[in-house]
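Undergrad: when you get a sec, could you give me coordinates for this:
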Amino acid sequence: MELSEFTFRIILIFVPGLISFLIIDKLTIHKEFKIHQIIISSLILGFLCYFSYYLMLLLVKMALKINIKFSFLQVLVDKNSIINLKEIVFVTIISIPIGFLSTFLLNYKVIVRIAHRLKISNKFGDIDVWSYIMNSKMPEWVIIRDIENDLMYEGWIEAFSDSTGVDELFLRDVKVYKNSTAEECYEIPGLYLPRKRENLIIEFPLLNFSEYKERPQRKENKQNG
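TA: So this is what the prediction gives:
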């Protein structure tokens, strides 16, 4: 099989998988993908799309007694087989809900939650603590201290940048204070804060720790007299 022909047949997997991957890429927060990660993920998602299509054909066969030929594997390995364009179209359509379902599983950390239940892992599933906090159900009302500029912001977070972009926060119903004296400077309905997160301290005055995980018991040091 010539390389050009083999490459063209691989596209049968790559295109539906790439569509699913692009949906996941746009709707999830993640580090920037490298080219080999894009290719491998697209191939895996492509196989998943074709497998889903195959399951649908089995259901149609059992329910309606209609036998529709599944030609994907034959087209992939046999250079003399005819490419089924209708099958490619159907699988491409299937790749859209596959992308949305995969996005749901990632955003709601379904696999991570299952791992927690089974005590397999204690990872929180986000790429860093910033993403963990901003995507959690923690109270949106915060106090942000900008120590470098001696400012303190009190308000609630309406929008935030993800961990792969510029550090940005958009606050609503904001009161601005001098951090050192707690003197109120002004009040404003909305405030855009483009500050590097390492220069900010974010406090959650309304956070009830027990709502999110079991509070650990404080250990007291006992000294022998």
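
Undergrad: now do the SS call for residue 145.
TA: strand (DSSP: H, G, I helix; E, B strand; the rest coil).

Undergrad: list the contacts of the residue nearest the centre of the chain.
TA: For the chain, residue 28 is the residue whose C-alpha lies nearest the centre (Cα atoms, centre = their mean; 3.1 Å). With contact set as Cβ atoms under 8 Å, 6 or more residues apart in numbering, residue 28 has these partners: 103, 106, 107. The C-beta positions use only the backbone N, C-alpha and C, and glycine is treated the same way.

Undergrad: quick one, what contacts residue 50?
TA: Contacts of residue 50 (Cβ under 8 Å, 6+ apart): 13, 16, 72, 91.

Undergrad: which of those residues ranks first by neighbour count?
TA: residue 16 (30 neighbours; other Cβ atoms under 10 Å).

Undergrad: what's the next secondary structure element after the helix or strand harbouring that residue?
TA: Under the criterion of DSSP states H and E, residue 16 resides in helix 3-27. Counting by DSSP H and E, the element after helix 3-27 in chain order, helix or strand, is helix 35-64.

Undergrad: ok now that next one, how far from the chain's centre?
TA: 21 Å (Cα atoms, centre = their mean, to the nearest Å).

Undergrad: cool, stretch 72-86 as well?
TA: On Cα atoms, centre = their mean, the centre of stretch 72-86 falls 34 Å from that of its chain.

Undergrad: may I have that stretch as CSV, with CA atoms only?
TA: Extracted C-alpha coordinates of stretch 72-86, given in CSV (Å, rounded to 0.1, in the frame of the first residue of the first chain):
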residue,chain,number,x,y,z
PHE,A,72,-14.7,0.7,8.0
LEU,A,73,-12.3,-2.1,8.8
GLN,A,74,-12.2,-3.4,5.3
VAL,A,75,-11.6,0.0,3.8
LEU,A,76,-8.8,0.6,6.3
VAL,A,77,-6.8,-2.5,5.5
ASP,A,78,-7.8,-3.3,1.9
LYS,A,79,-6.6,-0.8,-0.7
ASN,A,80,-8.9,-2.3,-3.3
SER,A,81,-12.1,-1.8,-1.3
ILE,A,82,-14.5,1.0,-2.1
ILE,A,83,-14.7,3.9,0.4
ASN,A,84,-18.3,4.2,1.7
LEU,A,85,-18.9,8.0,1.7
LYS,A,86,-22.3,7.6,3.4
